[in-house]
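Engineer: predicted coordinates and the sequence they were generated for:
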Amino acid sequence: MPTLTIDGVEIEVEAGATVLQACEQAGKEVPRFCYHDRLNIAGNCRMCLVEMEKSPKPIASCAMPVGDGMVIHTNTPQVQKAREGVMEFLLINHPLDCPICDQGGECDLQDQAMAYGLDHSRYRENKRAVTDKDLGPLVKTVMTRCIHCTRCIRFATEIAGVEELGALGRGEHMEISNYVEQALSSELSGNIIDLCPVGALTSKPYAFTARSWELNTTETIDTHDAVGSNIRVDARGRTILRVLPRLHEDINEEWISDKARFANDGLRRQRLDRPYVRRDGRLHAASWDEAFSAIAERLKSTDGTRMAAIAGDQACAESMVVLKDLMAALGSPHIDCRQDGAKLDASIRSSYLFNTTISGIEDADACLMIGTNPRWEAALVNARLRKRYLAGGFRVLSVGPQPDLTFPVEVLGAGPDTLSAFGNGTHEAAQVLTNAERPMVIVGQGALAREDGAAVLGAARRIAENSNAVRDDWNGFNVLHTAAARVAGLDLGLVPGEGGRDVAGIIDGAAKGEIDAVFLLGADEIDVAAMGEAFVIYLGHHGDKGAGRADVVLPGAAYVEKNATWVNTEGRVQLGHRAVFPPGDAREDWAIIRALSEVMGCTLPYDDLGSVRRRMAEVAETFNIIDVIQPAPWGQFGSDAAPDAEPFTTPIDDFYMTDAICRSSETMAACSVQILGNGSKATGIHG
């Protein structure tokens, strides 16, 4: 390991590190615009100049590898003069937009001009103007502000894997532009807003809405997919204005998907802010007492075995455990959290987890994907797969639909026939996993949410076992979920009890008159029209499909409006925090169910959030440990029967329209139309 001296302090760093990284390790602040830890080095801006003894001029510390015996000075008069000169050049053409720029208060150029720049400029020439570019409905451009750091280009090329941005022209005529005049097609495009050190790239939906110092910040968890991305929610008053990523190296690093970032305007539209009761075929606003009385009156003579409950994809763990206890108190075994009908075994935890973990993808050396398109189902998982591919020595095979991913994929076939050949070793590509040191298998909901899902799950398990992907030091079997609530629901046992019905059975029973009452906990991705004459109680936060079919509507809280627990696809328990209160008369879901239990004569034994969480830990010990993945023991699961020959399909046909919040978002609707070319869609998930 080389040893160098920085400002008189000797420090030892890893070989291959840059001088800038060594300075950071030594606690020295070095300004920069183009350098970013997760992007390749460009050396464009020269703001990171430092003095190195025996060098005739200052060096760009971001591009200079450390050498043994180097002597570096970071704050000499020569360095200060060099930085002042660089800053003076950067500001030659930069417009005086600070009073109207959305980056104001969060701008690296503002901060570094104050800290390292001069109080005057010697240049009086006219400033250059650059035409703004149309990057779609999410990213606003003011390209006259651009300082050519190329962070956006490098992110699009390296991380997102969508090469749609580049530098055109040379010298004074250089411009950052999209090669073709069309919207960015990446699901991660919003991250270039965070990367831009000036106001050239800002949020189009957020434009001219608020200043950073007006906002209250809350750290919570995203629920638009099952990745569990850590996010920061910024609100003013009772309105969510923007969502930004929060660093979590093991999950989302410092990125989030465009759906997590921009769908928040859906929280302000089509909200349920008061109870409703159906009278004479129409829903009428009611008080809580009237709504509860209507439920109690209708169900007082209904046997518990003729009641059922379905938990939706964005339900929190607290609401699900309370719902489970209510159904148990009523004597109903008909409860399910698998809206899509996925044939998952709740009794063996490893059978429904992403056991390799998201960060563990970087240790794998071969991957077989079964019925999944991670680019749409879990954009951050796809980014991690691409990161592993770029590191080299990583082959990706796929059985299912032709995926349009951001890295090469070898498609072996469309359905279970190929899977069977792969499992028994007759397929020529079977040796890829067998010869790999750390192979992994990813099973998507497109393979599990079908009648033969249990057989597909069993086949995937056998492939993992036969390829040595499951052993004491490595578990390469993974289920990739699309629903934020799914793993918590399975952990808490929201599956049919003895003699109970699953989602398909509940809907069929309601249609045939065998189920008299159905409780929907934010369940919108099912065929609610097929429930016949059943009495439907809907608890949710948006006026979506479930609310339209309900006989009684109870207004709940969205994910940013409650303190709640979420479990991501890898089984990591995380706590979300309330950023704003729910609108109108809406309340937290678990509190509504607890109040309803009292009206129905089976009062549940907890009155506060702490009691509910203790109950969760009683049901599943995994809820005792926050933000730590607990390895799940392996077991036998799935069916040994042969799967059908029907090809696998993808569970998502529109990335931007996958839940009630997204379907209420004008921004997501614009993305669906401009980026995917879809018209107005009712749903993005197959029920």
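Structural biologist: That came in fine, so what should we check first? Numbers count the residues shown, from 1 in each chain.
Engineer: when you work out contacts or count neighbours from here on, use the C-alpha atoms and nothing else.
Structural biologist: Will do.
Engineer: distance of Glu24 relative to Ala17?
Structural biologist: Separation of Glu24 from Ala17 (C-alpha to C-alpha, to the nearest Å): 11 Å.
Engineer: wait, Asn468
Structural biologist: Taken as C-alpha to C-alpha, the span from Asn468 to Ala17 is 36 Å.
Engineer: more neighbours: these two, which one.
Structural biologist: Higher neighbour count among Asn468 and Ala17: Asn468, with 20 against 17, using other C-alpha atoms under 10 Å.
Engineer: name the helices or strands packed onto the strand or helix carrying Ile310?
Structural biologist: Assigned by DSSP states H and E, Ile310 belongs to strand 307-311. Packing partners of strand 307-311 (3 or more C-alpha pairs under 8 Å, 6 or more residues apart in numbering; DSSP states H and E): helix 317-330, strand 334-336, strand 517-521.
Engineer: helices and strands of the chain: which one bottoms out on pLDDT?
Structural biologist: The helix or strand of the chain with the poorest confidence is helix 416-423; it has a mean of 84 (mean pLDDT, DSSP states H and E).
Engineer: buried stuff in it?
Structural biologist: Residues of helix 416-423 classed as buried by neighbour count (16 or more other C-alpha atoms under 10 Å): 416-420, 422-423.
Engineer: can you list contacts of that helix?
Structural biologist: 399, 412, 427-430, 456, 459-460, 462-463, 466, 643-648 (C-alpha atoms under 8 Å, 6 or more residues apart in numbering).
Engineer: residue ranges with poor pLDDT in the chain?
Structural biologist: 679-687 (pLDDT under 70).
Engineer: run the last query once more with 50
Structural biologist: 680-687 (pLDDT under 50).
Engineer: report the contact partners of the closest residue in space to Pro65 that isn't next to it in sequence.
Structural biologist: Counting by C-alpha to C-alpha, 6 or more residues apart in numbering, Pro65 lies nearest to Thr18, which is 4.2 Å off, once chain neighbours are set aside. Counting by C-alpha under 8 Å, 6+ apart, Thr18 touches 61-66.
Engineer: residue ranges of the strands in the stretch 301-450 of the chain, please?
Structural biologist: 307-311, 334-336, 366-370, 395-399, 410-413, 439-444 (DSSP state E, counting those that start in this stretch).
Engineer: let me have these in JSON lines, extended by distance to Gly190.
Structural biologist: Listed next are the strands of the stretch 301-450 of the chain as JSON lines, based on distance: least, C-alpha to C-alpha, whole Å:
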{"stretch": "strand 307-311", "distance to Gly190": "31"}
{"stretch": "strand 334-336", "distance to Gly190": "35"}
{"stretch": "strand 366-370", "distance to Gly190": "27"}
{"stretch": "strand 395-399", "distance to Gly190": "27"}
{"stretch": "strand 410-413", "distance to Gly190": "29"}
{"stretch": "strand 439-444", "distance to Gly190": "26"}
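Engineer: which one of those strands lies closest to Ala484?
Structural biologist: Nearest to Ala484, of all the strands of the stretch 301-450 of the chain, is strand 307-311, at 11.5 Å by C-alpha to C-alpha.
Engineer: which outside residues touch the closest one?
Structural biologist: Everything outside strand 307-311 that qualifies as a contact, by C-alpha under 8 Å, 6+ apart, is 320, 323, 327, 332-339, 503, 506, 515-523.
Engineer: angles on the backbone of Ala641, please.
Structural biologist: Main-chain dihedrals, Ala641, degrees, to the nearest 10: phi -70, psi 160.
Engineer: picking up where we left off before, the strand holding Ile310 pairs with which strands?
Structural biologist: Strand 307-311 has the following strand partners under DSSP bridges: strand 334-336 (parallel), strand 517-521 (parallel).
Engineer: let me know the secondary structure of the residue lying closest to Pro583 once chain neighbours are set aside.
Structural biologist: What sits nearest to Pro583 in space, not counting adjacent residues and going by C-alpha to C-alpha, 6+ apart, is Asp273, at 5.4 Å. Under DSSP: H, G, I helix; E, B strand; the rest coil, Asp273 falls in the coil class.
Engineer: now do the one 10 residues further on
Structural biologist: The local conformation at Leu283, judged by three-state DSSP, is strand.
Engineer: give me the neighbour count for the nearest residue to it once chain neighbours are set aside.
Structural biologist: Using C-alpha to C-alpha, 6+ apart and skipping the chain neighbours, the partner closest in space to Leu283 is Val277 (5.3 Å). Look at Val277: counted by other C-alpha under 10 Å, it has 23 neighbours.
Engineer: Val277 contacts Val552, correct?
Structural biologist: Yes: at 4.6 Å, Val277 counts as touching Val552 under the criterion of C-alpha atoms under 8 Å.
Engineer: mutual contacts of the two, please.
Structural biologist: Common neighbours of Val277 and Val552, counting by C-alpha under 8 Å, 6+ apart, are 283, 291, 294.
Engineer: now the residues you listed in CSV, with distance to Leu267 and neighbour count?
Structural biologist: Converted to CSV, the shared contacts of Val277 and Val552 look like this (distance: C-alpha to C-alpha, whole Å; neighbours: other C-alpha atoms under 10 Å):
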residue, distance to Leu267, neighbour count
Leu283, 22, 18
Ala291, 24, 23
Ala294, 28, 15
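Engineer: out of the residues you listed, which is nearest to Ala485?
Structural biologist: Ala291 (26.3 Å).
Engineer: for the host helix or strand of that closest one, buried residues please.
Structural biologist: For Ala291, the enclosing helix or strand under DSSP H and E is helix 288-299. Within helix 288-299, the residues that count as buried by 16+ other C-alpha under 10 Å are 288, 291-292, 295-296, 299.
Engineer: need the max-distance pair from those residues.
Structural biologist: It's Trp288 and Leu299 that sit farthest apart of the buried residues of helix 288-299, by C-alpha to C-alpha, at 16.6 Å.
Engineer: distance from the strand holding Ile310 to the middle of the chain?
Structural biologist: Chain-centre distance of strand 307-311: 27 Å, with C-alpha atoms, centre = their mean, to the nearest Å.
Engineer: buried residues of that strand, list them for me.
Structural biologist: For strand 307-311, a neighbour-count test (16+ other C-alpha under 10 Å) marks 307-311 as buried.
Engineer: and that strand, C-alpha only, in CSV?
Structural biologist: Coordinates of each C-alpha in strand 307-311 appear next as CSV, following Å, rounded to 0.1, in the frame of the first residue of the first chain:
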residue,chain,number,x,y,z
MET,A,307,-66.2,-13.6,5.2
ALA,A,308,-62.9,-13.1,3.5
ALA,A,309,-60.0,-10.5,3.2
ILE,A,310,-57.5,-9.6,0.6
ALA,A,311,-54.4,-7.4,1.4
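Engineer: ok so, going back, single out the most deeply packed of the strands of the stretch 301-450 of the chain.
Structural biologist: Of all the strands of the stretch 301-450 of the chain, strand 307-311 carries the top mean neighbour count, a mean of 29, counting by mean count of other C-alpha atoms under 10 Å.
Engineer: quick check: angle from that one to helix 288-299?
Structural biologist: Relative orientation of strand 307-311 versus helix 288-299 (axes from the mean of the first three to the mean of the last three C-alpha atoms, to 10 degrees): 130 degrees.
Engineer: just so I have it, where are all the strands in the stretch 151-300 of the chain?
Structural biologist: Under DSSP E, counting those that start in this stretch, the stretch 151-300 of the chain gives strands at 165-168, 175-178, 201-203, 216-221, 230-236, 239-245, 276-279, 282-285.
Engineer: picking up where we left off before, looking at the contacts of helix 416-423, which are in helices?
Structural biologist: Using DSSP state H, 430, 456, 459-460, 462-463, 466 are the members of the contacts of helix 416-423 that sit in helices.
Engineer: name the member of those residues with the most neighbours.
Structural biologist: Val456 leads these on contacts (other C-alpha under 10 Å) with 30 neighbours.
Engineer: residues contacting the nearest residue to that residue once chain neighbours are set aside?
Structural biologist: Leaving aside its sequence neighbours, Val456 sits nearest to Pro643 (C-alpha to C-alpha, 6+ apart; 5.9 Å). The contact partners of Pro643, by C-alpha under 8 Å, 6+ apart, come to 416, 452-453, 455-456.
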